[in-house]
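**Q** Sequence plus the predicted model coming up.
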Amino acid sequence: MKKKHIPLPVFLKRKQEKKKSESTPEKLEMMITIVERGKSDKFIDIFQQYNVNVSMVVLGKGTAPTELLNLLGIAEPSKDVILSLILEKNIIPLYEEIQNLLKIEGKGVSLTIPLTSMVGITMYKFLSHENIKKGEIKNG
Amino acid sequence: MDNTQQYEIIFCIVNYGFTDIVMETAKQNGARGGTIINARGTGNEETEKFYGIVISPDKEIVMIIIEKENKDKILHAIYETAGLENLGQGIIFSLPISHVLGINKENKLNTESKGS
């Protein structure tokens, strides 16, 4: 007979999570932002306020959502795709600021994908914009 | 803003010119829009010479944000139309998304509302 799994009370769970986050470095996530062509500079300026040190712009194109756009000949609106690395804790404050700008500057989407692993302490320091003792990362 | 983890992003790497087929099948199965990036593939040159096959390095990457419920359906549909066994030679995979901004839930079925 297997024992029934009893979930931890909520306050205990929080304590566990806290301990974990103290020993491991803070997580980075990859952020993909898709905006209209030429508008990427505006967004990158805002990103830099939130310690995003590296962002790369790739030229992309949107796909036509309707037959009407095809008829008008504007079937493939050109886009900028911004790839950047951001600390997990900065995502929500950044999104709160971007939210309105995305609506004003036309159809834009932003999303983040969690990273699973990374190599290089100095690179991590540079990307996360924070000074961390060497020992802490080894533990993680 | 959403962080309920109900969305995923599909990356689809296909030969140049096959993005229309990918987007068509994705839209038939519930996706709304996508973004295309040009890319260049790298293969094993020695094996290519040995077999006398030329694999065209021109590729395009299609990124599509979808709801989790539609994921399996879309992935299978794209594999059938533009997968590795077809001319599109597509590699298709999906990644989890932790935060999303800029998707309006209300117009889920209204395809006119959302591009990009």
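**A** Ah, there it is.

**Q** Would the longest helix along chain B count as contacting chain A?
**A** Determined from DSSP state H, the single longest helix within chain B is helix B:71-82. No - Helix B:71-82 is not in contact with chain A by CB under 8 Å from any CB of the partner chain; minimum separation 13.7 Å. C-beta: built from backbone N, CA, C; applies to glycine.

**Q** Okay, buried residues for that helix please.
**A** With burial defined by 16 or more other CB atoms under 10 Å in any protein chain shown, the residues of helix B:71-82 counted as buried are B:Lys71, B:Ile74, B:Leu75, B:Ala77, B:Ile78, B:Tyr79, B:Thr81, B:Ala82.

**Q** Likewise for stretch B:11-29?
**A** B:12-15, B:18-19, B:21-23, B:25-27, B:29.

**Q** ok, and of those residues, which contact chain A?
**A** Checking those against chain A by CB under 8 Å from any CB, the ones in range are B:Thr19, B:Met23.

**Q** Give the next helix or strand downstream of the longest helix of chain B.
**A** Counting by DSSP states H and E, the next helix or strand C-terminal to helix B:71-82 is strand B:91-96.

**Q** Take that next one, keep the C-alpha atoms, and write them as PDB.
**A** Taking C-alpha atoms only, strand B:91-96 is exported to PDB below (Å, rounded to 0.1, in the frame of the first residue of the first chain):
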ATOM      1  CA  ILE B  91      11.800  20.600 -37.700                       C
ATOM      2  CA  ILE B  92       9.000  21.500 -35.300                       C
ATOM      3  CA  PHE B  93       9.200  21.900 -31.500                       C
ATOM      4  CA  SER B  94       7.400  23.900 -28.800                       C
ATOM      5  CA  LEU B  95       8.600  25.700 -25.700                       C
ATOM      6  CA  PRO B  96       6.800  26.700 -22.600                       C
END
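
**Q** related to what we said a few turns ago, from the buried residues of stretch B:11-29, which ones fall inside helices?
**A** Short answer: the buried residues of stretch B:11-29 in helices (DSSP H) are B:Thr19, B:Ile21, B:Val22, B:Met23, B:Thr25, B:Ala26, B:Lys27.

**Q** now for those residues, which pair is the farthest apart?
**A** B:Thr19 and B:Lys27 (12.1 Å; CB to CB).

**Q** For chain A, what lies in contact range of chain B?
**A** Within chain A, the residues that sit near chain B (CB under 8 Å from any CB) are A:29, A:32, A:34, A:58-66, A:68-69, A:77, A:79, A:81, A:88, A:91-92, A:95-96, A:98-99, A:102, A:107-114.

**Q** Buried ones only from the residues you listed, please, as a PyMOL command.
**A** One line in PyMOL is enough to select the buried ones among the residues of chain A next to chain B; burial here means 16+ other CB under 10 Å:
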select buried, chain A and resi 29+32+34+58+60+61+62+63+64+65+69+77+79+81+88+91+95+98+102+107+108+109+110+111+112+113
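
**Q** how about low-confidence regions in chain B?
**A** B:1-4, B:54, B:104-116 (pLDDT under 70).

**Q** For it, identify the residue most remote from the centre.
**A** Here chain B reaches farthest from its C-alpha mean at B:Phe50, the gap being 31.0 Å by CA atoms, centre = their mean.

**Q** Now do residue 47: how many residues are near it, please.
**A** Here I'm looking at chain A. 22 (other CB atoms under 10 Å in any protein chain shown).

**Q** please go with chain B instead
**A** Residues lying near B:Thr47 (other CB under 10 Å) number 10.

**Q** Please identify which of the buried residues of helix B:71-82 is nearest to B:Glu8.
**A** Of the buried residues of helix B:71-82, the one sitting nearest to B:Glu8 (CB to CB) turns out to be B:Lys71, at 5.5 Å.

**Q** ok, and what's touching the longest helix seen in chain A?
**A** Identified as the longest helix of chain A according to DSSP H is helix A:88-104. Residues from elsewhere that reach helix A:88-104, judged by CB atoms under 8 Å, 6 or more residues apart in numbering or on different chains: A:26-29, A:31, A:35, A:42-43, A:46-47, A:50-52, A:86, A:108-110, A:112, A:114, B:1, B:3, B:98-99, B:101-102.
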